[in-house]
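Enquirer: quick one, structure for this:
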Amino acid sequence: MNNDIIKYTEINLGGSEMKIVGVAGELTGWKATVVLHNVLEAAKDFDSNIETELIEMKEYNIEFARGEPLSYYSDDTWNVVNTILSADILVFGTPIYQASISGALKNLLDHFPVDAFKRKVTGIITTGAVEKHFLVADYQLKPILSYLKGLVPSTNVFVHSDCFSDVNEIIDDNVKIRIRALSEEMVRLQKYVVSK
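Expert: Next up is the predicted model:
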């Protein structure tokens, strides 16, 4: 076992507060929001000092990115971008449409400068009705987050539509285990980054 891994697992998780912001990139539906809520709750269960906030993009009017300074955009755009920038950890959730992340989420990410997520852990949640859509996280969203200098955990969570009940609950125990694993990895990784 290498020394970095030993240090990583021996980090003291108590102490200073940390903020995780979840971003639900769906304008209709609810599945990504449900998964993100579960991720945020699992993070708080893992470390009670964590503060969480969930941004549901359907509740905001995010303007199309035009390459202008942020001050030229609406209050909603300004507030959402700055809330995301204030986070220590980010987790992005999106449904997969036509083998792609939602256009709303891509537009939001276009508002950020290149180094926006430097030294921030950036987790990924995707939902979809086609099994192979789990690949979108690695081939589309991960490169965008890496370009913005985000630290992408080794774990991400894809949740198939069949894993939800009719009352907006996750009914697959394996998905719940993967959600906990992602939450714990994000917190541990961010604590490790801050300690360096």
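Enquirer: how many residues are close by the nearest residue to Leu145 once chain neighbours are set aside?
Expert: Computed as C-beta to C-beta, 6 or more residues apart in numbering, the closest residue to Leu145 that is not its neighbour in sequence is Thr122, at 4.4 Å. C-beta here means a position set from N, CA and C on the backbone, and glycine is covered the same way. Neighbour count for Thr122, taken as other C-beta atoms under 10 Å: 24.
Enquirer: in contact with Thr122, which residues?
Expert: Ile89, Leu90, Val91, Phe92, Leu145, Leu148, Gly150, Leu151, Val152 (C-beta atoms under 8 Å, 6 or more residues apart in numbering).
Enquirer: kindly recompute the last result at 6 Å.
Expert: Leu90, Leu145, Gly150, Val152 (C-beta atoms under 6 Å, 6 or more residues apart in numbering).
Enquirer: by neighbours, which of the residues you listed wins?
Expert: Neighbour-wise, the contacts of Thr122 (other C-beta under 10 Å) top out at Leu90, 26 neighbours.
Enquirer: residues contacting the residue most central in space within the chain?
Expert: In the chain, the centroid-proximal residue (C-alpha atoms, centre = their mean) is Val91; its distance is 1.2 Å. Counting by C-beta under 6 Å, 6+ apart, Val91 makes contact with Gly22, Val39, Gly123.
Enquirer: quick check: chain neighbours aside, which residue is closest to Arg178?
Expert: Arg178's closest residue in space is Val157 (C-beta to C-beta, 6+ apart), at 4.9 Å.
Enquirer: same question for Arg180.
Expert: Nearest to Arg180 is Ala42, by C-beta to C-beta, 6+ apart, at 4.8 Å.
Enquirer: show me what contacts that neighbour?
Expert: Counting by C-beta under 6 Å, 6+ apart, Ala42 has contacts Ile179, Arg180, Ser183.
Enquirer: do that again at 10 Å, thanks
Expert: Lys176, Ile179, Arg180, Ala181, Leu182, Ser183, Glu184, Met186, Val187 (C-beta atoms under 10 Å, 6 or more residues apart in numbering).
Enquirer: hang on, it in a helix?
Expert: Yes. Assignment of Ala42 by DSSP: H, G, I helix; E, B strand; the rest coil places it within a helix.
Enquirer: could I get the buried residue list for the helix or strand harbouring Leu182?
Expert: Leu182 is part of helix 173-195, with elements assigned from DSSP states H and E. Across helix 173-195, burial judged by 16 or more other C-beta atoms under 10 Å covers 175, 178-180, 182-192.
Enquirer: gap between it and the chain center?
Expert: Computed by C-alpha atoms, centre = their mean, to the nearest Å, the chain-centroid distance of helix 173-195 equals 11 Å.
Enquirer: and stretch 86-106, by the same measure?
Expert: On C-alpha atoms, centre = their mean, the centre of stretch 86-106 falls 7 Å from the chain's centre.
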